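*Asks:* Give the three-dimensional model of this entry:
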Amino acid sequence: MGDSWVALATLTASAFAPARDRSRKRGAVVECVTFQEIEVPTRILLVRHGATQLTAEDRFAGSSDIPLSNEGLAQIGRLRVRLSEVPIVAAYASPLQRTMESARILAEPHGLKVQADSALREIDYGRWEGLTRDAVRERFAEEYALWEEDPLVMAPAGGESGLTVVGRVLPAVRQIVERHRHQTVLVVSHKGTNRLLISSLLGFDMRSYRDRLEQSPAALTILDFLSEVRPRLKLFNDISHYDAYPKREITDDLSKWSAPLEPS
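*Replies:* The predicted structure is shown next:
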């Protein structure tokens, strides 16, 4: 009976151990198994700030420093509850009000001070700041058309291109991963910056980041880094902590690419 249990334990270990060292002795009945330590990936909890008044009005608010709206506070409050038991060791955020406010709410249950990092700030939209999308189309039609065609390279007058944003946010996130290997870290940033970062990390066509990736207010995205250059997307744009999906998530076309074709 004893030999049967030993054999069963050895078989179970063999089945569930992907990495192990084996040593055999002539005539031995039992195979010796030594389990190697499995490294935990570095986990980045990437969050977009909660909604603001300019979010509701569909205005360009890249460098505009505005607080969360009541809706945004409620959204982040829901996410705070969701993340309260997660073992977060550090919190980073863009220095703007809406991101710092979001990060402080999320970090408070963990007793963490939020570290502001200007590399995480939103795209600067230059002379478009504070204007509605329709107003930009009307006042700067040619500039807007060029930007829609290639937002990676083109920038509004006085603003930033997508490439500029990638050039600052990618090194910053790499440094965070290096600093907190095998730990879980909160990073709170913005819609455009998050999408460009994800596109770059996963090898997507960054020119289509606006059309193919979404970042809802207070959305949670999880990236696991096996190394500084080997990320895996575990969760994307999740807002299941909301009571219900915001109406604009279902009814609004948030980019020209996703709009239905006009009848011929």
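
*Asks:* Just give the closest residue to the most centrally placed residue in the chain, not the sequence neighbours.
*Replies:* Of all residues in the chain, the one closest to the mean position by Cα atoms, centre = their mean is Leu46, 3.2 Å from it. When the adjacent residues along the chain are set aside, Leu46 lies closest to Thr221, with 4.3 Å between them (Cβ to Cβ, 6 or more residues apart in numbering). The C-beta positions use only the backbone N, C-alpha and C, and glycine is treated the same way.

*Asks:* Flag the shaky bits of the stretch 1-150 of the chain, pLDDT-wise.
*Replies:* Scanning the stretch 1-150 of the chain for pLDDT under 70 picks out the ranges 1-38.

*Asks:* for it, what spans make up the strands?
*Replies:* 20-23, 32-35, 42-48, 88-93, 114-116 (DSSP state E, counting those that start in this stretch).

*Asks:* Other residues contacting the fourth one?
*Replies:* This points to strand 88-93. Counting by Cβ atoms under 8 Å, 6 or more residues apart in numbering, strand 88-93 makes contact with 45, 99-100, 102-103, 106-107, 110, 112-117, 120, 176, 179-180, 183-189, all of which sit outside it.

*Asks:* what are the pairing partners of that strand, and which direction each?
*Replies:* Here the strand partners of strand 88-93, with direction, are listed using DSSP bridges: strand 114-116 (parallel), strand 184-189 (parallel).

*Asks:* Out of the ones you listed, which is the most enclosed?
*Replies:* Here the criterion is mean neighbour count by mean count of other Cβ atoms under 10 Å, and of the strands paired with strand 88-93 the winner is strand 184-189, at a mean of 25.

*Asks:* got a list of contacts for that one?
*Replies:* Contacts to strand 184-189, defined as Cβ under 8 Å, 6+ apart, come from residues 42-49, 83, 86-94, 99-100, 102-103, 106-107, 112, 114, 120-122, 169, 173, 176, 197.

*Asks:* and whichever helix or strand comes after that strand, how far out from the chain's middle?
*Replies:* Reading on from strand 184-189 to the C-terminus, the next helix or strand found by DSSP states H and E is helix 191-202. Distance of helix 191-202 from the chain centroid (Cα atoms, centre = their mean, to the nearest Å) equals 8 Å.

*Asks:* buried ones in helix 191-202?
*Replies:* The neighbour-count criterion (16 or more other Cβ atoms under 10 Å) identifies Lys191, Gly192, Thr193, Asn194, Arg195, Leu196, Leu197, Ile198, Ser199, Ser200, Leu201 as the buried residues of helix 191-202.

*Asks:* quick one: contacts of it?
*Replies:* Defining contact as Cβ under 8 Å, 6+ apart, one finds that helix 191-202 is touched by 46, 48, 62, 94, 120-123, 162, 165-166, 169-170, 173, 189, 204-206, 209-210, 213-215, 221, 223, 231, 233, 236.

*Asks:* quick one: average pLDDT of it?
*Replies:* Taken as a whole, helix 191-202 has an average pLDDT of 96.

*Asks:* relative to strand 42-48, how tilted is it?
*Replies:* 150 degrees (axes from the mean of the first three to the mean of the last three Cα atoms, to 10 degrees).
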